[in-house]
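Undergrad: 3D, please:
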Amino acid sequence: MEVFGPKYIGHTLDLRTIRAFILDLELNEADTLLLHPDNYDSLVLEYRDMYREPMPQPFYVLGVYIDEADANAIGPLRVPKDRVVVLYDDTRPHRVELARADTTLGDDGRTLYRCTECGGFVTPDGLPITGSLRKQYINWVKTREDPSTVRTVGECCVKG
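TA: Now for the predicted structure:
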């Protein structure tokens, strides 16, 4: 495992900045991005405000695992506020377990439909998708750079 950082990547650590940073460094599925606990909390709130649902755990951006750094860490894994640390080829035990447990759908070219109001997964007719199929869709979206999604009015948010 190679450690890079702490690195300043912009005035605000938000989803857009993190995505751009991942693309600039060409990070991949074996890498992890560590955030200071305050920055991680801000990201969780941004995600909730944007998608109106809790941020999934574990959380990935473009296939890169986003993790909250230990506030008491010392040495190379210490992450100051408003900075990030990249762990190339992360081999920490819990990261290896996450990789083993990741069960994603095959890339079958299916189009995913999301509610325009809440962002939840729906059928083409607007009916909410729940249960294990919803979990599969979430995993599928997390591991694809540009999943094909279409916004539609969902029954979940239609006011009667």
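Undergrad: When you work out contacts or count neighbours from here on, use the C-alpha atoms and nothing else.
TA: Will do.
Undergrad: ok, and the closest residue to residue 10 other than its chain neighbours, which helix or strand is that part of?
TA: Counting by Cα to Cα, 6 or more residues apart in numbering, residue 17 is the residue found nearest to residue 10 once chain neighbours are left out, at 6.9 Å. Using DSSP states H and E, the secondary-structure element containing residue 17 is helix 15-25.
Undergrad: so what strands line up beside the helix or strand just after that helix?
TA: Per DSSP H and E, helix 15-25 leads on to strand 32-35 as the next helix or strand towards the C-terminus. Here the strand partners of strand 32-35, with direction, are listed using DSSP bridges: strand 64-68 (parallel), strand 84-88 (antiparallel).
Undergrad: Let me know the average pLDDT across strand 32-35.
TA: For strand 32-35, the mean per-residue pLDDT is 91.
Undergrad: Direction-wise, compare whatever helix or strand comes next after it with helix 15-25 and give the angle.
TA: As assigned by DSSP H and E, the chain's next helix or strand after strand 32-35 is helix 37-51. Computed by axes from the mean of the first three to the mean of the last three Cα atoms, to 10 degrees, the angle separating helix 37-51 from helix 15-25 equals 110 degrees.
Undergrad: For helix 37-51, C-alpha coordinates in CSV please.
TA: Coordinates of each C-alpha in helix 37-51 appear next as CSV, following Å, rounded to 0.1, in the frame of the first residue of the first chain:
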residue,chain,number,x,y,z
PRO,A,37,-14.0,13.3,10.0
ASP,A,38,-15.4,16.8,9.7
ASN,A,39,-15.1,16.8,5.9
TYR,A,40,-16.6,13.3,5.7
ASP,A,41,-19.6,14.5,7.8
SER,A,42,-20.1,17.4,5.4
LEU,A,43,-20.0,15.0,2.5
VAL,A,44,-22.7,12.8,4.2
LEU,A,45,-24.9,15.9,4.6
GLU,A,46,-24.3,17.0,1.0
TYR,A,47,-25.3,13.6,-0.3
ARG,A,48,-28.4,13.5,1.9
ASP,A,49,-29.5,17.0,0.7
MET,A,50,-28.7,16.2,-3.0
TYR,A,51,-30.4,12.8,-3.2
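Undergrad: count of neighbours near residue 4?
TA: Under the neighbour criterion other Cα atoms under 10 Å, residue 4 is assigned a count of 14.
Undergrad: How about it, nearest residue that isn't a chain neighbour?
TA: By the measure of Cα to Cα, 6+ apart, the closest residue to residue 4 outside its immediate chain neighbours is residue 86, 5.0 Å from it.
Undergrad: and the helix holding residue 17, what's its mean pLDDT?
TA: Computed over helix 15-25, the average pLDDT equals 91.
Undergrad: That'll do, ta.
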